[in-house]
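Asker: What shape does this take:
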Amino acid sequence: MRMAEAFDFLGESNYASTLRTKAGELQAKFEKQFWCEDLGFI
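Answerer: Below you'll find the model as predicted:
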């Protein structure tokens, strides 16, 4: 997410948006794979 902020600052808002989307997708995949219902956390 920090890189997206840097690209926003540099005026590359389209690329920043792409990075945010990819980061969100990666986070969702990670949580799906490693979430432990018994413990309630990753």
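Asker: So which bits of the helix or strand containing L19 are buried?
Answerer: Using DSSP states H and E, the element containing L19 is helix 13-34. Buried residues in helix 13-34, defined by neighbour count with 16 or more other C-beta atoms under 10 Å: A16, L19, R20. Yep, even glycine has a C-beta here, placed from its N, CA and C like the rest.
Asker: pLDDT on it, on average?
Answerer: Per-residue pLDDT values across helix 13-34 average out to 94.
Asker: Can you pull the phi/psi pair for the residue of the chain most remote from its centre?
Answerer: Farthest-out residue of the chain from its mean C-alpha position, per C-alpha atoms, centre = their mean: D38, at 24.8 Å. Per-residue torsions, D38: phi -60, psi -40 (degrees, to the nearest 10).
Asker: any idea how far M1 is from it?
Answerer: As for D38, its distance to M1 is 29 Å (criterion: C-beta to C-beta, to the nearest Å).
Asker: sorry, back to before: columns distance to K29 on top of the buried residues of helix 13-34, output as CSV?
Answerer: Formatted as CSV, those follow (distance: C-beta to C-beta, whole Å):
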residue, distance to K29
A16, 21
L19, 16
R20, 15
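Asker: of all those residues, which comes closest to E31?
Answerer: R20 (16.5 Å; C-beta to C-beta).
Asker: For the closest residue to the closest one other than its chain neighbours, give me its contacts.
Answerer: Of all residues not flanking R20 in the chain, A4 sits nearest, at 4.8 Å (C-beta to C-beta, 6 or more residues apart in numbering). Counting by C-beta atoms under 8 Å, 6 or more residues apart in numbering, A4 makes contact with A16, S17, L19, R20, A23.
Asker: For C36, see how far away the fourth one is.
Answerer: In this structure, R20 lies at 27 Å from C36, with C-beta to C-beta as the measure.
Asker: and if you look at the second one?
Answerer: The gap separating S17 from C36 is 32 Å, by C-beta to C-beta.
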